[in-house]
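> here's my sequence, what's the structure:
(2 chains)
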Amino acid sequence: MNQILVPGQNLIDPAYQLGLYLVAISIILAGFILGIGKALGSRKMQSWGIEELTQAIINAALLGALVSISVVLSQLADSLVGTQPAFENCSYPNFPLFIQTTLCAQDNILSIIYQSVSKLTLASYQLGSLSTLTIKFNVVDSLPLFSLRYISENFALVAKDFLSCATILETQKQFLFFIASSGFSIFLPIGLLLRMFFMTRKVGGAILAGAIGFYIFYPLFLLSLTLNEKNIENVFSSFSKEIDSLILSSSPFPQVDWNKEQEVLNLFFNSLGSNPTLASKTSSVLSLSSQFLGIIQLHSYIFVLVNISCSLIFIYQLASVLGSELNLQLFENL
Amino acid sequence: MAQILDIVGEIKNTLIQLGPNIAIILIVLSGIVFGLSYIQPASQRGQLQSVAIGLFVGGVIIAALTAAAEAIAGTSAKLLL
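Here you go, the predicted structure:
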């Protein structure tokens, strides 16, 4: 039997072979039913045999069309992303190019998130430490930078939100790994096998549609949503610049002669206090972190939901075609 | 995947080997029934002969479809291309 040769892709060829074997088995069994029905003079068995033979031929046609469409779609998807992955130092050599590019795009976003979490945690720690600075007068104790404690807590909460987004993206990445490694090698043959038999035709069609939908449509749609990563990088760049500046201005722990009142007053009211440097940097970081968090949440929540919804709609519509009994009504008059 | 392919391939080969055996059994049976029909009274002869013809045609159908199964599968896969 002719094999479909796909350069660099060894998942479809065995599935195609398996499908052809299953079709041949189906044709032989249909022949047995038809022949024995004719031998016994049973019209019911004969018509059942003819119907199964027709469905076996249709299954074979579908198999050929599905596999060639999948190959074409896979190559088309690869051509959409260019001949080489767009991200340096990122490669998943066992996967097709379009899935590699999607995974690398996700890795890029995750890397940005983890860097942001690291900076926010450091800033939170430093501001929290500064907030505990206490000036002791004779009868009064004062914490002039106590309000930094709330800023520090805010930074910690923002870091936690970033980590929640990262968890969702990591889950999606693991799902892509699973689909890329088993979508066409396990689920496509299972779908074809179940579609062969009339009892499990609909389930087989649904599994076939799921394999194609999640292997081809899901990563491509996700890639199309994450194509414009310049926006994330620009916002991250501004955010990173501001928070690095904040971290620099709030560390190391101020070295002053605590016995000299003027130096202490200068520290709190010039360097850290009414000098707009620390306060304005803090507010600037907070506003940029909201903007940045918004973009990350767009990628983590909204894009993921849209992607899953569109993929499920695609799979549902494809399943209704693949799982149905395609009657050609050729042998009605026999 | 390779193991599944081997197992399914063996099942296919077993069925391909089984087909001609069933076909021969049916054809031989048809010959026997046809021969038996001639020792029966005229009223039953026609019935037995039609059964014999049915057995023969059934055997031929099984033999033909078993022999052509792989070719049909390969050709059908290219129908929509």
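> in contact with residue 73, which residues?
Since no chain was named, I'll use chain A. Taking CB atoms under 8 Å, 6 or more residues apart in numbering or on different chains as the criterion, A:Leu73 is in contact with A:Ile216. C-beta: built from backbone N, CA, C; applies to glycine.
> my bad, the chain I had in mind was chain B
Here B:Ala73 is in contact with A:1, A:20, A:23-24, A:27, A:56, A:60 (criterion: CB under 8 Å, 6+ apart).
> report pLDDT for it.
Reading off the confidence values, B:Ala73 has pLDDT 86.
> so it sits in a helix?
Yes: looking at B:Ala73 with DSSP: H, G, I helix; E, B strand; the rest coil, it is inside a helix.
> do you know how far it is from A:Ala56?
When CB to CB, to the nearest Å is the yardstick, B:Ala73 and A:Ala56 sit 8 Å from each other.
> do you know how far the residue in chain B positioned nearest to chain A is from A:Ser320?
For chain B, the nearest residue to chain A under the criterion CB to the nearest CB is B:Leu65, separated by 2.8 Å. With distances defined as CB to CB, the gap from B:Leu65 to A:Ser320 amounts to 31 Å.
> the more surrounded of the two?
Here B:Leu65 and A:Ser320 are set side by side on neighbour count (other CB atoms under 10 Å in any protein chain shown), and the busier one is B:Leu65, at 23 against 13.
> for that one, what are its contacts?
B:Leu65 makes contact with A:27-28, A:30-31, A:34-35, A:53, B:19, B:72 under the criterion CB under 8 Å, 6+ apart.
> and if we set it to 10 Å?
Contact analysis of B:Leu65 by CB atoms under 10 Å, 6 or more residues apart in numbering or on different chains lists A:27-32, A:34-35, A:49, A:53, A:56, B:19, B:23, B:72.
> next one: B:Asn13
Taking CB under 10 Å, 6+ apart as the definition of contact, the neighbours of B:Asn13 are A:21, A:24.
> the host helix or strand of it: which residues count as buried?
Assessed by DSSP states H and E, B:Asn13 sits inside helix B:2-37. Buried positions in helix B:2-37, judged by neighbour count with 16 or more other CB atoms under 10 Å in any protein chain shown: B:4, B:8, B:12, B:15-16, B:19, B:22-23, B:26-27, B:29-30, B:33-34, B:37.
> closest one of the contacts of B:Ala73 to chain B?
Checking the contacts of B:Ala73 against chain B with CB to the nearest CB, the nearest one is A:Ala60 at 3.4 Å.
> point out where chain B drops to low pLDDT.
B:1, B:81 (pLDDT under 70).
> which residue is nearest the middle of it?
Centroid-nearest residue in chain B: B:Ile62, 1.8 Å away (criterion: CA atoms, centre = their mean).
> wait, what's in contact with the closest residue to chain B within the stretch 1-150 of chain A?
Distance from chain B to each residue of the stretch 1-150 of chain A (CB to the nearest CB) is smallest for A:Gly31, at 2.8 Å. Contacts for A:Gly31 were tallied using CB under 10 Å, 6+ apart; they are A:49, A:52-53, A:56, B:15, B:19, B:22-23, B:58, B:61-69, B:72.
> A:Val117 too?
Contacts were defined as CB under 10 Å, 6+ apart; by that measure A:Val117 touches A:158-163, A:165-166.
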